[in-house]
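Novice: Could you work out the structure for the sequence below:
(chains A and B, ligands or ions: 1)
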Amino acid sequence: MITFQRIDGTPVYYWRSSRGNTTLRNWQCTQAFYDKLVLWVRDLRSLSSAYGSVTYLVSAGFYVNKPGQHGAGTAMDLDYVRWSGGQVSSPLDQHHASSTASLRKRYLAVDAVCRRRFRYALDGWYNSAHADHIHSDFGGLPVLCVKSSESDTKFVQAMCNNFRGSGLAVDGIWGTNTQNAFNGAKSALGITGDPHSSSAAWQSMLSKIATKGFANQTF
Amino acid sequence: MIGAAGLAAVAAVGPGAGLAAATAEVDICAGVAVVGDSPQVLCRQNSRWVLIGDDGVAKATTGLAGALVLDVATDARGALAAGSIDGEAALWSSADGLSWREVLRLHGRRSVFTAIASNPSEAMALGSDLSGEDVPQGTIAARRLGVNWSLGAVTGLAATAYVTTLAVRRGGWLAGAIGSQETVLHVSSNGTTWSELAAGRLDDAAVQGVLDDDGSVRWVGNAIGGSAALAGTVGAGRGPAGVPDRSHAVGLVRTHRGRVSYWLLDGRLQTAEVR
Ligand SMILES: [Zn+2]
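Specialist: Have a look, this model is predicted:
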């Protein structure tokens, strides 16, 4: 494993013990996971460039001494993103359930950026254990939109509700209503190709969702 | 928490270990247990499980091929191991720590045992059912009373937390369950109903070993924010563990030398006394 304090130059803080703390932490993860984090933060910067630069990130852990992907050094828990324009996105404050629609769309934008690089992105809709962070790991790759996946399906349902007013139950079950809403979103975003079988098509759709989310636009 | 001693580079010996393994680094360690009369660490080296004693010599094991082992325990009959195989929770038993046989497997169930311990009359393992995305979604428990293992229900442990450590204490059991920001130590007198230990919420700590000496609970682990090596006593603070900060906690055992913590650093085992 390698030790890092910044991802591609962007500092990563830890706030779970003391909110607002800016002490740099010696995080660990594998080299391969760090390389993916660099691609992820570059996606984040370019898709949210209207907010300025990403000033800092806040995490609840990368390598964590426990079973699973964290223990292998191949996972990230994302608590907070802060931009130089003053904008923030705070999974830590449960922005997925915020009463402010723009914050929910921004959360979904950050979520979509995670999904461009990581297949298992577990968010506030996934379960209560992820209500206060977005978890991303190396499981289940390559990135695709998988209908039998609870995580992917809940993301699609929450996305359709927040950007298109689809009124779906966020239950993780891919039924007819979810399929129709997904088809509508795909067509509104001009996606060609099949996000269920083509990583490029799914990544392209996620980029467009992120762009709309950061711009606080419905589609 | 002084007296770090690096163990010699592990050298593989035993049937079929081969020269290639002789210089291989350990990638993960399941845990440490006293087998016979000395501490032994079960580690994975070149995809094979080996047993490493205090002399640093790695001995090949049998019966664990393809397994993911996450914890080991001292047992009156030798040693016990907990983990999974092919994504299904499993337990193994061994008289000598080298030759293992499967004693329980949850066929058809996406699950893992993550902690195991035994006292003179029974043994217990705790673990999790896993979601489709491989995160915990329910606690599983197995007990051995007599010779046979059986599953049972437990209450009081968070369904979404991994139990990373389990130990015997006077009059019951002590378990550490990790969520996203802390390890919560729980106690149980019957192994079924669990409650939080007073002052047992260890913020920013991923605990991998606990020892209860008549109510004084020592623990070792790593920070969650960053992963600094830590040793602490419940209700009395924490500090550096006496090993390099980047070391990953493997476990904590009581030996004739006192309380000894085991750590993995860059593929090599380290030890440190815990006072
Ligand atoms: Zn996580």
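
Novice: which residues sit in contact with the closest residue to residue A:48 other than its chain neighbours?
Specialist: In space, not counting the residues next to it along the chain, residue A:48 is nearest to residue A:214; the distance is 4.7 Å by CB to CB, 6 or more residues apart in numbering or on different chains. Quick note: C-beta positions are derived from backbone N, CA and C, even for glycine. Listed by CB atoms under 8 Å, 6 or more residues apart in numbering or on different chains, the contact set of residue A:214 reads A:47, A:48, A:50, A:51, A:106, A:109.

Novice: Give the buried subset of those as a PyMOL selection command.
Specialist: Isolation of the buried members of the contacts of residue A:214 (16 or more other CB atoms under 10 Å in any protein chain shown) is achieved in PyMOL through the command below:
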select buried, chain A and resi 47+48+51+106+109
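
Novice: Could I get the pLDDT score of the residue nearest to residue A:48?
Specialist: Model confidence at residue A:214, given as pLDDT, is 98.

Novice: By proximity to the ion, which residue of the stretch 101-250 of chain B wins?
Specialist: Here the stretch 101-250 of chain B gets closest to the ion at one residue, residue B:180, 6.4 Å apart by CB to the ion.

Novice: one step back: redo the contacts of residue A:214 as CSV? Include secondary structure, pLDDT and distance to residue A:195.
Specialist: Written out in CSV, the entries for the contacts of residue A:214 read as follows (DSSP: H, G, I helix; E, B strand; the rest coil; pLDDT from 0 to 100; distance: CB to CB, whole Å):
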residue, secondary structure, pLDDT, distance to residue A:195
A:47, helix, 98, 17
A:48, coil, 98, 22
A:50, helix, 98, 25
A:51, helix, 98, 26
A:106, helix, 98, 22
A:109, helix, 98, 17
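
Novice: For chain A, which residues are neighbours of the ion?
Specialist: With CB under 5 Å from the ion as the criterion, chain A meets the ion at residues A:77, A:135.

Novice: Pick out the residue of chain A closest to the ion.
Specialist: residue A:135 (3.4 Å).

Novice: Touching the helix or strand hosting that residue from outside, list them.
Specialist: For residue A:135, the host element (DSSP states H and E) is strand A:134-137. If you take CB under 8 Å, 6+ apart as the criterion, strand A:134-137 is touched by A:40, A:68-70, A:74-78, A:91, A:110-111, A:114, A:117-118, A:120-124, B:135.

Novice: at 7 Å what do you get?
Specialist: Surrounding strand A:134-137, the residues in contact under the criterion CB atoms under 7 Å, 6 or more residues apart in numbering or on different chains are A:69, A:74-78, A:91, A:110-111, A:114, A:118, A:120-123.

Novice: which phi and psi does the most centrally placed residue in chain A have?
Specialist: Among the residues of chain A, the one closest to the centroid is residue A:111, at 2.1 Å (CA atoms, centre = their mean). Dihedral angles of residue A:111 (phi, psi; degrees, to the nearest 10) stand at phi -60, psi -50.

Novice: Ok, residue A:110 next?
Specialist: Reported as degrees, to the nearest 10, the phi and psi values for residue A:110 are phi -60, psi -40.

Novice: just to revisit the earlier point, so the spatially closest residue to the residue of the stretch 101-250 of chain B closest to the ion that is not a sequence neighbour: helix, strand or coil?
Specialist: Taking CB to CB, 6+ apart as the measure, residue B:180 lies nearest to residue A:60, with 5.3 Å between them; neighbours along the chain are not counted. Put simply, residue A:60 is strand when judged by DSSP: H, G, I helix; E, B strand; the rest coil.

Novice: wouldn't residue B:260 be in contact with residue B:273 here?
Specialist: Yes. Here residue B:260 reaches residue B:273: they are 6.0 Å apart, a contact under CB atoms under 7 Å.

Novice: mind listing what residue B:216 touches?
Specialist: Remark: with contacts taken as CB under 7 Å, 6+ apart, residue B:216 is in contact with residue B:233.

Novice: One more pass at 10 Å, please.
Specialist: Contact partners of residue B:216, counting by CB atoms under 10 Å, 6 or more residues apart in numbering or on different chains, are B:233, B:234, B:235, B:236.

Novice: Buried ones among the residues you listed?
Specialist: If you count burial by 16+ other CB under 10 Å, the buried members of those come out as B:233, B:234.

Novice: Specify the beta-bridge partners of the closest residue in space to residue B:61 that isn't next to it in sequence.
Specialist: In space, residue B:61 comes closest to residue B:49 once its chain neighbours are excluded; the distance is 4.8 Å by CB to CB, 6+ apart. Under the criterion DSSP bridges, residue B:49 forms beta bridges with residue B:44.

Novice: before we move on, back to that, wait, which of the contacts of residue B:216 is closest to residue A:203?
Specialist: When those are compared for distance to residue A:203 (CB to CB), residue B:234 comes out closest, at 47.1 Å.

Novice: At which residues are the strands of chain A located?
Specialist: Using DSSP state E, the strands found in chain A span residues A:2-4, A:6-7, A:10-13, A:27-29, A:54-61, A:75-83, A:88-89, A:120-122, A:134-137.

Novice: With mean neighbour count as added columns, please give these in JSON lines.
Specialist: As requested, the strands of chain A are arranged in JSON lines below (neighbours: other CB atoms under 10 Å in any protein chain shown):
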{"stretch": "strand A:2-4", "mean neighbour count": "16"}
{"stretch": "strand A:6-7", "mean neighbour count": "18"}
{"stretch": "strand A:10-13", "mean neighbour count": "20"}
{"stretch": "strand A:27-29", "mean neighbour count": "25"}
{"stretch": "strand A:54-61", "mean neighbour count": "22"}
{"stretch": "strand A:75-83", "mean neighbour count": "24"}
{"stretch": "strand A:88-89", "mean neighbour count": "22"}
{"stretch": "strand A:120-122", "mean neighbour count": "27"}
{"stretch": "strand A:134-137", "mean neighbour count": "26"}
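
Novice: who wins for proximity to residue B:110 among those strands?
Specialist: strand A:120-122 (13.8 Å).

Novice: before we move on, back to that, quick check: the residue nearest to residue A:48 vs chain B, distance?
Specialist: Using CB to the nearest CB, to the nearest Å, we find residue A:214 at a distance of 26 Å from chain B.

Novice: Name the residue of the stretch 1-150 of chain B that lies nearest to chain A.
Specialist: Shortest the stretch 1-150 of chain B-to-chain A distance, computed as CB to the nearest CB: residue-wise this is residue B:133, at 4.6 Å.

Novice: Would you check that that residue makes contact with residue A:148?
Specialist: No. With contacts counted by CB atoms under 10 Å, residue B:133 stays clear of residue A:148, the gap being 11.4 Å.
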